Structure formats: C-alpha cells, structure tokens
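Participant: 3D, please:
(one chain, ligands or ions: 1)
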Amino acid sequence: MLVDDDPALSELLAMRLESHGFRVTLASSGHAALRQLANTAIDLVLTDLRMDNMDGLALNQKLQASYAGLPVIMMTAHGSIPDAVDAIQQGITAFITKPIDSDELLAAINKALPEQSTSHASEPDNFHGLYHQSASMRQLVQQIKAIAPSQANILIQGESGTGKEVTARAIHRASSHAQGPFIAINCGALPAHLLESELFGHKKGAFTGAIADKQGLIQSADQGTLLLDEIGDMPLDLQVKLLRVLQEKTVRPIGGHQEQTVNVRILSASHKNIAQAVSEGKFREDLYYRLNVVQLSLPSLKERVEDIPLLANLFLSQLSKTPKRLSPDAMTALLSYAWPGNIRQLHNVIEYCVAMTPGSHISEDSVLNALPAQDDRQAFIGLNDAKRQFERDYILKVLALCQNNVPQAAKLAQRNRSDFYKLMKKHDIQ
Ligand SMILES: Nc1ncnc2c1ncn2[C@@H]1O[C@H](COP(=O)(O)OP(=O)(O)OP(=O)(O)O)[C@@H](O)[C@H]1O
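Facilitator: Below you'll find the predicted structure:
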C-alpha cells in the first residue's frame, strides 16, 4: 500500500512498482489507509512522512498497534529523517529519501517483505496473453523472452489445445517484428494446391480459376511473423518451396517469373513429433533444421495443474457478464480431470458452466455435467488404486524378467513362493 497525499507522485511510483511485478493499492491519507487496510490484505506499507491531519509517524503508530509486524517504509524529504533511535523504537522498517531512487526502494522493499508475501509471490503472470503460474510455464516464458527478440525460427511443439498459437502471438509481440502483421495458417486444413496458392500467391492465368493476381500469405506477412500451424501436414513438394523461401528470403508466386524479397519471421507449430516424421521420411530433414533453430515444448495441462485455477478464473471473468465463482468442489473436479483437450477444453467447459449457471456459484455438478464420460474423468486415482496398480505392474514386470518362472520371480521380489502365488491370484495373473 502506497500512502501519499500527492496523487501525481503516487501514480508515478505505483507504475514503477507495478512494472516490477508488485500489486499496489493507493491511499491518499493516513485515515484512508487505515480504512482500506481493514478490507484488504497488505504485505507492506510505503508511506510519506509529511501529510496533513495524520503524518507518517502517526500512521505508523496506529499500524503498529493494530497490525503488529506489518513492514512500514517511510519516504522523507532530505534532512527530515527523525532520530534513528527514535525511528527504530517506533518500529519503522526503513527510510527512503526523496527523490526516490528505484533501486534503493526495490532493495528496501525486497528486504522488508516476508519471503512468501501473498499479493506478490503468487501473482499470476501474463506474458502478452500467455497466462501462466506453473513453474514449467514460467521457465518456458523465460526461454521465450530470451529468444523472441532474435530472428531465429522457432518450432512450437505441444498437444492440441495447449496454447501453441497463443505462444506464437506472444513471441511476435515480444519481437522486433511486433509492428508488422501476425498471420497464421493451418497447413493441415487445405488441400495441397490451395495451400500452395495461399502461401506463395499466384499470377493471373497461372491455373484454371486464377482470374486475378493474388498475393500469398508469406508476402502479406512481410516485416511481421508467419505461423505455419500443423507444419507436419505440409506436403513434401511444398516443403521444398518453403525451404527456398527460408534460404533465399525470397518468394515467387505460382506462374510468376520474379522473386520478391521478404523479411518474415517464421514460426511453426505441430502436435505431431516432427523429429519422428523426419525419421519416417515424411518430413524433409533440411527444412526441419531450418524451422527448428529453437524448439519450445508446451506441457499438457495435466502436467501443469497449477495453471488450472488461474485459467478457469480467467475464462470465467471473460465469459460471464456477471461475477461468478467456482465452488471448492467444482474446482477440485477441474483439478482432478485429465484434460485430453487441454486449455481449449477447459475454456469450453467453463463456457458451458457459465451458460448453465444463472446464479453466482458454479457447482461441482455443473462441472461434472460438462465433462465427457465418467471413465475419462480421473487424472488422479486414489492412493489405494494407485498401490494396487503398482503392485500388479510390478508382478508382471518381475515375471517377465524371469520369463514367467514363478519360483525365480518370487525370489527376486523377496517373497516366499506361496505369498507370490497369492499376489498373482489377487491380481488375476495366470
Ligand atoms: N496460457 C494461456 N492463457 C490464456 N489462454 C490460453 C492459454 N493457452 C491457451 N489458451 C486458450 O486456449 C485455446 C487454445 O489455444 P491455442 O489455439 O493457442 O492452442 P493450440 O495448441 O494452437 O491448439 P491446436 O493445436 O488445436 O491448434 C484458445 O482459446 C486460447 O486462447
């Protein structure tokens, strides 16, 4: 909480702090600060010393009385720092002199904040529309931040609905091509001849039906970014043409005679394993290396359950005109599900729940109704089932190792023979 009776200065300082990831609540006086504190969870108070009615020291006294241990940093003009001993006795955590030096302020805040402050450390991140909270996505975003400004072509791999297009847009926005267009094309959605003309364009009369010149998407994306989605579905002969674009940085429309220079950042995406397609001869190795200068792998939603509450609440706020909340049981149901359709499926489930819930509370039943068949629901099995499953797999593995020789398998599993037979019977293993 930033307490200062100078609104212009407060706004400026709040902006600076927010750019460093802090959530800032403003209060224009000591009294306003105390009122707001009664309803808001605050980790630290940054207050001006000189304020009308209640100055910083008086505010600090009240804070120490009602919120013992709450760190307070005092901002003072040069030469107005009260006696240091007096200040320490009053429990003030630090003094910062005006004009405020950002580094000094950040150092003081970081020193004063408890390790896991509630409103800063758990704050969800949004990197150009790519919302995330899980450690794996934070790591991926660090990777994106490092490579986005370069010209490197990037291959984004991930299951369907994991956010490959959202990621590509975020890369575009963080790149030097951000002022140019972002164009995406799904290479699997069009027959080969149409895909070729969409990508490279054509000249009038180049083929039956080519009644006018048409600019291709590669050229339309000049100075910007082109996302080739489902690149694994691109036919081999088009792969050769694309390779030329990447090597020469020129494009020639179908039926054209002149090469046109283009400056396009090429991003590609696929839910298929392209390395495997290369080994199977379905994808050109030379093109793979050109596209895959950097590879990003998006984890499935099941592998980053920490993102589920954040994304569910985000979609809820986007899709519902009135405020709605998921009940704790409804959230547990979302967390327990396997999400084969990943974030797109989560979006659809929340959309269904919003449409089916006139009130403000989304129930577990509403979530369960939105999820497909019971069998697929459980990503998490209970401990007892997990133990049983492990025991069965273990016995099968030991038997396989011993080529179904039961006495030998029993010995390896450190069980006597009759115990081992009992276990086999329990798991219906012949
Ligand atoms: N991190 C995210 N934050 C917010 N919304 C997301 C995020 N990731 C995905 N989405 C949303 O999920 C949906 C699917 O995302 P997207 O189209 O990028 O997935 P995809 O991997 O490209 O899917 P496909 O392989 O089927 O083309 C979209 O509605 C998108 O807005």
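
Participant: near the ligand, which residues of this protein show up?
Facilitator: For the chain, the residues in contact with the ligand (Cβ under 6 Å from any ligand atom) are 130-132, 158, 160-166, 229, 271, 311, 343-344, 347. Quick note: C-beta positions are derived from backbone N, CA and C, even for glycine.

Participant: next step: these restricted to helices.
Facilitator: 164, 165, 166, 311, 343, 344, 347 (DSSP state H).

Participant: looking at it, the third one is touching residue 129, isn't it?
Facilitator: Right, residue 166. Yes. When contacts are counted by Cβ atoms under 8 Å, residue 166 is listed as touching residue 129 (5.8 Å).

Participant: please say which of these two ends up with more neighbours.
Facilitator: residue 166 (17 against 11; other Cβ atoms under 10 Å).

Participant: one step back: out of the ones in helices among the residues of the chain next to the ligand, which is most surrounded?
Facilitator: Greatest neighbour count in those, by other Cβ under 10 Å, goes to residue 164: 25 neighbours.

Participant: who touches it in this structure?
Facilitator: Neighbouring residues of residue 164 by Cβ atoms under 8 Å, 6 or more residues apart in numbering: 156, 157, 158, 229, 269, 271, 298.

Participant: let's see that with 7 Å instead.
Facilitator: Listed by Cβ atoms under 7 Å, 6 or more residues apart in numbering, the contact partners of residue 164 are 156, 158, 269, 298.

Participant: thought the third one was touching residue 154?
Facilitator: Put plainly, it is residue 269. No. Between residue 269 and residue 154 there is no contact under Cβ atoms under 7 Å: 9.0 Å.

Participant: buried set for the one helix or strand residue 155 maps to?
Facilitator: If you go by DSSP states H and E, residue 155 is part of strand 154-157. Counting neighbours by 16 or more other Cβ atoms under 10 Å, one finds that the buried residues in strand 154-157 are 154, 155, 156, 157.

Participant: not counting its neighbours along the chain, what's nearest the second one?
Facilitator: In this case it means residue 155. Closest residue to residue 155 apart from its sequence neighbours, by Cβ to Cβ, 6 or more residues apart in numbering: residue 292 at 4.3 Å.

Participant: ditto for the last one
Facilitator: Among residues not flanking residue 157 along the chain, residue 297 sits closest, at 5.0 Å (Cβ to Cβ, 6+ apart).

Participant: can you check the pLDDT for that neighbour?
Facilitator: With respect to pLDDT, residue 297 scores 94.

Participant: burial of whichever residue of the chain sits closest to the ligand, as a residue count?
Facilitator: The ligand sits closest to residue 163 of the chain, with a gap of 2.6 Å, by Cβ to the nearest ligand atom. Residue 163 has 24 neighbours, counted by other Cβ under 10 Å.

Participant: isn't it up against residue 299?
Facilitator: No. Using Cβ under 7 Å as the test, residue 163 is too far from residue 299 to be in contact (9.9 Å).

Participant: lowest-scoring secondary structure element of the chain by mean pLDDT?
Facilitator: helix 118-121 (a mean of 40; mean pLDDT, DSSP states H and E).

Participant: next, the buried residues of the next helix or strand after that helix.
Facilitator: Counting by DSSP H and E, the next helix or strand C-terminal to helix 118-121 is strand 125-127. By neighbour count on 16+ other Cβ under 10 Å, the buried set for strand 125-127 is residue 127.
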